[in-house]
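Asks: The following comprises the amino acid sequence and a computationally predicted model.
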Amino acid sequence: MSVKLKTMFFFSAALVLAIVAVWQAYAERISWQIQTEIISGRTGQQPVFQKSFIFEQGPTDSVHASSIVSLPGDELLAVWYGGSREGASDVAIYHARREAGRTGWSQPEILIDHDRVAQDLGRHIKKLGNPVLLSDGKNTLWMFFVSTSIGGWSTSAINLVMSHDGGKSWGRSKRLLSSPFLNLSTLVKGRPFFYQDGSIGLPAYHELAGKFAELIRVSASGDVIDKIRMTHGRYSIQPSIVALDDDRLLAMMRNTNQTRNIVRSFAIQGGRQWSATEYTELNNPDAAVSMAGDASTLVLAYNDIKHDRNRLALAVSVDSGMHWEKRALLESAEPDESGTKSEFSYPYLIKTEMGDYHLVYTWQRKRIAYVTFNQSWLEQQP
Amino acid sequence: MSHLMVNFNTLLIILAFATFISLPFKRPLRWGVVTGLLILSVSIPVAGSNPWLWINGAVGELSILTVVLLTLFILRKLADMHLVECRTRVHLYFLVLLMGFLLYPATLGLSQFDPYALGYGVQLSLLVLSLATLYWVFQQRQVAVLLIIVVAASEIGLLTSLNSWDYLIDPLLWLFTPAILIIMYFNGRGQAKRSA
């Protein structure tokens, strides 16, 4: 075979491989069908609304970024980070449990601390934060949280720690690789969800050069298997995602720009394609929001104010997130005599299989507040 | 596996750095300098932590290409083993430079397209194999072989990451590449003048 023929042969082979590669880009790699939550609900319910604290006097001066998960047998598990101040070296992730039939919570205890994460990951750890929980409805729990080795929160990476006994004991922390640039700047805040193949959809965000939302696909064992960019630009972070059916998703997001309105985006194909972002009519003072429910009733916990975080409210949508109606004001406080502003922030809302809502949020950075309510109570609100 | 790989990477970085520092010395003395720096790296704490933990924290896992290039550098300077040609390294560094420009700014949010997501499928591996074929056709066979090694490592899953980009390139390699290419350019000019 002449040199010219050989060259042509190899060139053609390279071309075929390139075509196959492009074709593969459009081929299905993993399932994108969402596992929708089956909510049985209770009919003929009495309205229920209870507001309390997970602890009156916690073991730390400062607490923030709580999340909550429902466990089998009507138990609840809440986690948050606490320490002398945000980002301090004594910050650890704490947890408390509420057993079925009880109104009070167990004493807060450290779930994982700085030293243990450093030991598990074999690297220096500077900060810990934003734990979010996911349960398979049996005994397996996933807790995603962020850590930094150098710099501020924008240099965070996501870690995962798992429990196979309903949160009584936890395994070693594992670092998720979600960014090619030193694994910098991927954070979590929103509630994860399952796909039908058993993998996890993890709402995440980036805030280094750009500020945008991402959906990370994580295998049940904790490997990143895919990643989709949900939004673009420098303003939409901390997506809170709810499945409208097994194909469509709605994300409500914190807005960091000056419009001061919550940002919304819809997805099809299980989150592979996201619509352009839109501003909703709901206020947002550059603060986290949290949404729960399903296509028939969506509930959103958010700071209903343009600046500061001293008002926390609930809004409801009965048309899959197109229109929202303010339904209840949970917290509202003006600055005290010394001018100190109140903070009720970082809500994290879930709806259980029984149709009850459970909300946790930061209360003045001193306590984690806990609110539970049901559909009947929501419907009674003006 | 991950811990082992991260510690191996850190060892490689410290060895390469020590080798670079030892370059002004003759070869037997280089070994002494490298050994000394290696001992220092495990015995002097930085802000209360072992320096290895700091390097692990800042760098994480290196790409397969970086591991190969660092190993080649150490072998060349410490053991006088020249396993690949200079032009092979030049091709690889230019390739790394180009890939970094395509990948990092876009991934950090400077474009609407996220090329990193391509690395989770087989498409990036297939594109690299196509590139390797072209290098083979155009007589750059060492480059082709090294690219095939990277793809093979990615398919085996040698690193923690399941993304093929992480096998090809890492920021450490990309950030050092311009300086390396400049050094190679001036070294080449110096050698040409001497031989003239």
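Replies: Ah, there it is.

Asks: Does the residue of chain B at minimum distance from chain A belong to a helix, a strand or coil?
Replies: Nearest to chain A in chain B, going by Cβ to the nearest Cβ, is B:Gly109, at a distance of 2.0 Å. Glycine gets a C-beta too; all of them are placed from N, C-alpha and C. Look at B:Gly109: counting by DSSP: H, G, I helix; E, B strand; the rest coil, its state is helix.

Asks: Any stretches of chain A with poor pLDDT?
Replies: A:1, A:3-4, A:7-8, A:10-11, A:14-15, A:17-29, A:38-44 (pLDDT under 70).

Asks: if I pick residue 65, what's in contact with it?
Replies: Because you didn't say which chain, this covers chain A. Residues in contact with A:Ala65 (Cβ atoms under 8 Å, 6 or more residues apart in numbering or on different chains) are A:80-81, A:129-131, A:189, A:346, A:362.

Asks: should've been chain B
Replies: B:92, B:96, B:146, B:150, B:167-169, B:173.

Asks: Using JSON lines, lay out these together with secondary structure, neighbour count and distance to chain A.
Replies: Shown next, in JSON lines, are those (DSSP: H, G, I helix; E, B strand; the rest coil; neighbours: other Cβ atoms under 10 Å in any protein chain shown; distance: Cβ to the nearest Cβ, whole Å):
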{"residue": "B:Leu92", "secondary structure": "helix", "neighbour count": "23", "distance to chain A": "18"}
{"residue": "B:Val96", "secondary structure": "helix", "neighbour count": "23", "distance to chain A": "13"}
{"residue": "B:Leu146", "secondary structure": "helix", "neighbour count": "23", "distance to chain A": "17"}
{"residue": "B:Val150", "secondary structure": "helix", "neighbour count": "24", "distance to chain A": "15"}
{"residue": "B:Tyr167", "secondary structure": "helix", "neighbour count": "31", "distance to chain A": "11"}
{"residue": "B:Leu168", "secondary structure": "helix", "neighbour count": "27", "distance to chain A": "10"}
{"residue": "B:Ile169", "secondary structure": "coil", "neighbour count": "26", "distance to chain A": "7"}
{"residue": "B:Leu173", "secondary structure": "helix", "neighbour count": "23", "distance to chain A": "12"}
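
Asks: Relative to A:Arg309, which of those residues is nearest.
Replies: Nearest to A:Arg309 among the contacts of B:Leu65 is B:Ile169, at 41.0 Å by Cβ to Cβ.

Asks: for chain B, what spans make up the helices?
Replies: In chain B, helices defined by DSSP state H lie at B:2-21, B:27-43, B:51-59, B:64-79, B:86-105, B:123-137, B:141-156, B:165-168, B:171-195, listed in chain order.

Asks: How about the stretch 51-200 of chain A?
Replies: For the stretch 51-200 of chain A, helices defined by DSSP state H, counting those that start in this stretch occupy the ranges A:114-121.

Asks: what's the most buried one of the helices of chain B?
Replies: Per residue and on average, the most neighbours among the helices of chain B fall to helix B:165-168, with a mean of 26 (mean count of other Cβ atoms under 10 Å in any protein chain shown).

Asks: Could you report the neighbour count for the residue of chain B closest to chain A?
Replies: 21 (other Cβ atoms under 10 Å in any protein chain shown).

Asks: wait, what's in contact with it?
Replies: For B:Gly109, the contact set (Cβ under 8 Å, 6+ apart) comprises A:206, A:208-212, A:232-234.

Asks: rerun at 6 Å
Replies: A:209-210, A:212 (Cβ atoms under 6 Å, 6 or more residues apart in numbering or on different chains).

Asks: hmm, back to that, which one of the helices of chain B lies nearest to A:Ala333?
Replies: In terms of Cβ to Cβ, the element of the helices of chain B nearest to A:Ala333 is helix B:51-59, at 40.2 Å.

Asks: With adjacent residues omitted, what lies nearest to the single nearest residue of the stretch 151-300 of chain A relative to chain B?
Replies: Relative to chain B, the nearest point of the stretch 151-300 of chain A is A:Gly210 (2.0 Å; Cβ to the nearest Cβ). Closest residue in space to A:Gly210, ignoring its immediate chain neighbours: B:Gly109 at 2.0 Å, by Cβ to Cβ, 6 or more residues apart in numbering or on different chains.

Asks: cool, B:Gly100 as well?
Replies: Nearest residue to B:Gly100, sequence neighbours excluded (Cβ to Cβ, 6+ apart): B:Trp174, at 3.5 Å.

Asks: So that neighbour is in contact with B:Leu102, correct?
Replies: No - with contact defined as Cβ atoms under 6 Å, B:Trp174 does not reach B:Leu102; the gap is 10.7 Å.

Asks: separation between A:Ser66 and chain B?
Replies: 27 Å (Cβ to the nearest Cβ, to the nearest Å).

Asks: was I right about that residue contacting A:Ile368?
Replies: Yes - between A:Ser66 and A:Ile368 there is a contact at 4.6 Å, judged by Cβ under 6 Å.

Asks: was I right about A:Leu312 contacting A:Glu331?
Replies: Yes - with contact defined as Cβ under 6 Å, A:Leu312 reaches A:Glu331; the gap is 4.2 Å.

Asks: Can you pick out the residue with more neighbours from the two?
Replies: A:Leu312 (29 against 21).

Asks: Strand partners (parallel or antiparallel) of the stretch of helix or strand that one belongs to?
Replies: A:Leu312 belongs to strand A:311-317 when assigned by DSSP states H and E. Applying DSSP bridges, strand A:311-317 is found paired with strand A:298-302 (antiparallel), strand A:325-332 (antiparallel).

Asks: C-terminal to the longest one, what's the next element?
Replies: This points to strand A:325-332. Using DSSP H and E, the helix or strand that follows strand A:325-332 in sequence is strand A:344-351.

Asks: Give me the helices and strands touching that following strand, please.
Replies: Contact partners of strand A:344-351 among helices and strands, from 3 or more Cβ pairs under 6 Å, 6 or more residues apart in numbering or on different chains; DSSP states H and E: strand A:62-71, strand A:290-293, strand A:357-363.

Asks: any idea which of the strands paired with strand A:311-317 is most buried?
Replies: strand A:298-302 (a mean of 26).

Asks: Taking their axis directions, it and strand A:344-351 sit at what angle?
Replies: 160 degrees (axes from the mean of the first three to the mean of the last three Cα atoms, to 10 degrees).

Asks: Can you give the distance of strand A:298-302 from its chain's centre?
Replies: 14 Å (Cα atoms, centre = their mean, to the nearest Å).

Asks: Just give the nearest non-adjacent residue to residue 53, would you?
Replies: I went with chain A, as the question did not name one. Once flanking residues are discounted, A:Phe53 sits nearest to A:Arg367: 4.8 Å by Cβ to Cβ, 6+ apart.

Asks: wrong one, chain B
Replies: Using Cβ to Cβ, 6+ apart, the nearest residue to B:Leu53 is A:His124, at 4.6 Å.

Asks: Could you report the distance from that neighbour to A:Ser147?
Replies: To A:Ser147, A:His124 is 10 Å away according to Cβ to Cβ, to the nearest Å.

Asks: Name the residues of chain B found near chain A, please.
Replies: Within reach of chain A by Cβ under 6 Å from any Cβ of the partner chain, chain B has these residues: B:3, B:49, B:53-54, B:56-58, B:60, B:104, B:107-110, B:112, B:114, B:116-117, B:120-123, B:126-127, B:129-130, B:133-134, B:137, B:161-162, B:165, B:171.
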